[in-house]
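Participant: could you work out the structure for the sequence below:
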Amino acid sequence: MIPRNNPNRLVTTEAGSRLLEPAVKFTEWIQARTEFIDSGVDHFLTSSSCRNGIDNLPCNIVLFGAGYDTRALRFRNAHDRKVNFFEVDLPSVCQGKETLYKKFQAEHDPNMKGSTLIPFDLNDCGEGTSLIETLKNSGLDTSRPTFFVFEAVLFYVNEPAVRNIMQELFYYSKTVETMLCFTDSLKPFVDVPFTSQAKEFFDKGGVELLEHRARWGGAVHFCLASSRTTDGKPGSIASHVSNRVGGLVFSYMPSQSNNKAIIKDPSFDRVWYAVGFSWQIDGYETPLDAVLKKNRLTDKPFATRLWSEPIVIYRDENGELVAMADVCPHRSVPLSMGTMKNGRLECMYHGGKFGPKGECIDVPTMHTVDDDGSILETTTGAERYLKAINKANCGNHRAVVEHDGMVYVWRGNVLEADPSLLPTRRKGDMETVPMDTVLDYNVDYSYIVENNLDSPHLFYLHDGSVPPIKYIGMINKNLPKLKLTAFTDDCGMGHLGRLEGTRPKKLIRFDPPNIVRHGGVSGFEEEFHIVPIAPQRTRVLLRQHLPKGPILSTITSIPGVLPLLTLLVNNWNYHIALEDSCVMQGQANRIEDWGSPRMGVGGLGDDLIKVFWKWRADAHQKLRGEAEAE
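Facilitator: Next up, the predicted model:
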């Protein structure tokens, strides 16, 4: 889409909009980079370093490869201060833009001070020509803070010139308070999408990385960085921006756990657990039914278990979720055996009705009703009985949240339920098409965590099942080339996987207590919410994020493609799960029935499984300690 605040946005007829729709989807990343740069400019101009220049000298903003962008016009009087804009581009572009600026000045703002247009080919940087010296000769005041913006321009610059540009920028930032903004290629320095690699690059240049995200496998990086003080600490601009955007998240994937304390303080309690997808609560049996909007069962509540505790979930008459222990406070009949009527859950045994917030609002056996079911008389005793029922049911209520298309239940005191601990996806990353699959296994949840943390088995057990794409390389003959590097990020611990002689291709991470995430440099990601249902029973809520780039966006807009894609992905997941299930059930039999060791001799990748075991053992130890204390 074209941003609303863009003076050059397209205006089309409704028919024209439909014709342009596939092409507009290709511009999503233009909108994303525009918003990212605009927010960076706003951070820069609101910093104390720039505010101090209101009555003195303006700050500098240097735009590289701006083309016919209108940013200099939009921000020329931003925050009640003047800004010196410098726009560097090819001579022909500068010539055309100068004509447009003069036209705008004559028609809209006669007192406007236009940008300083600098005709300069970045490919010449280092060919006896200094980029910074060219800027200084054109009026750049090096006594004022400077903001450099690279918007999709370095793709077109040769490698030696890119190296010289970076060298000059880093050197400049050592003496001038500087902020750098990239929505651009960082090759040849960084060609993977991982924040750790980007930070390492900027650290070597002596600047502080403040924000980072990547697209298309690291082909494009969105970065905000700022100069440091002489003692190596973040400067005033860096501190200002950090306070605005929060700390840099060292997560190797867009999805992140926000319950960071649980890594060092293992616990199974005071945690949000995903127990279902939103479409399950709405009565659809399969993901395909949800996509097709058919086969919906609207008269049944959703039933599940978490750590053996039965739970019933329904939407009340206001559309709000209610979660309770799946037990009627009257005679302990499972409420999930009842039916839904107008947003009320009706017990099948005596007709007790539960409505908003799980409150019991009617018990037919406690009042007189007419033939049509309408209430003729409600006694004082009935009112007292309702209060007693709700008091008894109070302890059955569970904190529940619908978040990003999934339903989470808090395990612990409902008054301590903290929505800020729900997992999130990093803002501004490439949009995805989520694909959901529900998988049930007759083994303990720990086997499934181990299985999903085990990279080598993908090359062997699933050889022929995982697509034999050369880029993925997950085929039997490549197993000896597999290299795994352990890491711990802000969300969990895991492995970076690569084939010998290649860059990292796959990522596996364990987010305690029960989530395993797989990701690739392409932007593909899958999250396994491994839900302990009961002893020897586990449900996996698998959500796979397919990067919604231009091609997938266009294809999925064709009628019938999304249902077909959903069907294919689900069936492929069932096939993989069947292969895994056979192995895990065999493991459980040998280990639990015959007494075989959980791991006889460790091999490649087993270090991560041992990390999981250590975390799990510490969590159980804490659980035992809390039980003994009670």
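
Participant: and residue 620, which of the three is it?
Facilitator: Following DSSP: H, G, I helix; E, B strand; the rest coil, residue 620 is assigned to helix.

Participant: so how far is residue 441 from it?
Facilitator: Shown here: residue 620 relative to residue 441, a distance of 21 Å by Cβ to Cβ, to the nearest Å. Backbone N, C-alpha and C define where each C-beta goes, glycine included.

Participant: what do you get for residue 619?
Facilitator: 21 Å.

Participant: show me where the stretch 51-200 of the chain has its helices.
Facilitator: Counting by DSSP state H, counting those that start in this stretch, the segments of the stretch 51-200 of the chain that form helices are 71-74, 91-107, 131-137, 159-173, 195-204.

Participant: let's have the ones you listed in JSON lines, adding mean pLDDT.
Facilitator: Below are those laid out as JSON lines (pLDDT from 0 to 100):
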{"stretch": "helix 71-74", "mean pLDDT": "80"}
{"stretch": "helix 91-107", "mean pLDDT": "82"}
{"stretch": "helix 131-137", "mean pLDDT": "91"}
{"stretch": "helix 159-173", "mean pLDDT": "93"}
{"stretch": "helix 195-204", "mean pLDDT": "89"}
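
Participant: nearest to residue 84, out of those helices?
Facilitator: Residue 84 lies closest to helix 71-74 among those, at 10.0 Å (Cβ to Cβ).

Participant: now the helices of the stretch 51-200 of the chain as a markdown table including distance to residue 551 and mean neighbour count?
Facilitator: Below are the helices of the stretch 51-200 of the chain laid out as a markdown table (distance: least, Cβ to Cβ, whole Å; neighbours: other Cβ atoms under 10 Å):
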| stretch | distance to residue 551 | mean neighbour count |
| --- | --- | --- |
| helix 71-74 | 29 | 19 |
| helix 91-107 | 29 | 13 |
| helix 131-137 | 36 | 16 |
| helix 159-173 | 28 | 18 |
| helix 195-204 | 26 | 18 |
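
Participant: what would these look like in a markdown table with distance to residue 481?
Facilitator: Formatted as a markdown table, the entries for the helices of the stretch 51-200 of the chain read as follows, by distance: least, Cβ to Cβ, whole Å:
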| stretch | distance to residue 481 |
| --- | --- |
| helix 71-74 | 47 |
| helix 91-107 | 47 |
| helix 131-137 | 41 |
| helix 159-173 | 28 |
| helix 195-204 | 21 |
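
Participant: picking up where we left off before, who has more neighbours out of residue 620 and residue 441?
Facilitator: The residue with more neighbours, out of residue 620 and residue 441, is residue 441; 22 against 12, by other Cβ atoms under 10 Å.

Participant: grab the nearest non-local neighbour of the more buried one.
Facilitator: Counting by Cβ to Cβ, 6 or more residues apart in numbering, residue 441 lies nearest to residue 538, which is 4.8 Å off, once chain neighbours are set aside.

Participant: check residue 609 too.
Facilitator: Of all residues not flanking residue 609 in the chain, residue 450 sits nearest, at 5.2 Å (Cβ to Cβ, 6+ apart).

Participant: grab the nearest non-local neighbour of residue 29.
Facilitator: residue 215 (6.6 Å).

Participant: verify the stated contact: that neighbour with residue 193.
Facilitator: Yes. Applying Cβ atoms under 8 Å, one finds residue 215 in contact with residue 193, separated by 7.5 Å.

Participant: overlap of the contact sets of the two?
Facilitator: Common neighbours of residue 215 and residue 193 (criterion: Cβ atoms under 8 Å, 6 or more residues apart in numbering): 221, 523.

Participant: which of those two has more residues huddled nearby?
Facilitator: The neighbour comparison of residue 215 against residue 193 (other Cβ under 10 Å) goes to residue 193, with 29 against 20.

Participant: what's across from the closest residue in space to that one that isn't next to it in sequence in the sheet?
Facilitator: Leaving out its chain neighbours, the residue that sits closest to residue 193 by Cβ to Cβ, 6+ apart is residue 214, at 3.4 Å. With DSSP bridges as the criterion, residue 214 is bridged to residue 221.

Participant: and residue 214, what is it in contact with?
Facilitator: For residue 214, the contact set (Cβ under 8 Å, 6+ apart) comprises 192-195, 198, 220-222.

Participant: returning to that earlier point: need the three-state assignment for the residue nearest to residue 441.
Facilitator: Under the three-state scheme (three-state DSSP), the conformation of residue 538 reads as strand.

Participant: can you name the residues that contact it?
Facilitator: Residue 538 makes contact with 440-441, 443-445, 447-448, 530-532 under the criterion Cβ under 8 Å, 6+ apart.

Participant: list the contacts for residue 522?
Facilitator: If a contact means Cβ under 8 Å, 6+ apart, then residue 522 has 216-217, 547 as its contacts.

Participant: whoops, I mixed them up, residue 267
Facilitator: With contact taken as Cβ under 8 Å, 6+ apart, residue 267 is in contact with 513, 619, 622-623.

Participant: go on, residue 152?
Facilitator: By Cβ under 8 Å, 6+ apart, residue 152 lies in contact with 33, 65, 183-184, 220.

Participant: that one and residue 291, how far apart?
Facilitator: Applying Cβ to Cβ, one obtains 35 Å for the distance of residue 152 from residue 291.

Participant: name the element residue 507 belongs to?
Facilitator: Under the criterion DSSP states H and E, the helix or strand holding residue 507 is strand 506-511.

Participant: before we move on, back to that, kindly reformat the contacts of residue 214 as TSV containing distance to residue 254.
Facilitator: Supplementary listing: these in TSV, determined by distance: Cβ to Cβ, whole Å:
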residue	distance to residue 254
192	14
193	9
194	11
195	11
198	14
220	14
221	14
222	12
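
Participant: which stretches of the stretch 351-500 of the chain form helices?
Facilitator: Going by DSSP H, counting those that start in this stretch, the stretch 351-500 of the chain shows helices at 380-393, 445-453, 456-460.

Participant: need the winner for burial among these.
Facilitator: Between the helices of the stretch 351-500 of the chain, helix 445-453 has the highest mean count of neighbours, a mean of 22, where neighbours are mean count of other Cβ atoms under 10 Å.

Participant: centre of the chain to that helix, how far?
Facilitator: Distance of helix 445-453 from the chain centroid (Cα atoms, centre = their mean, to the nearest Å) equals 22 Å.

Participant: tell me the mean pLDDT for it?
Facilitator: The predicted model gives helix 445-453 an average pLDDT of 96.
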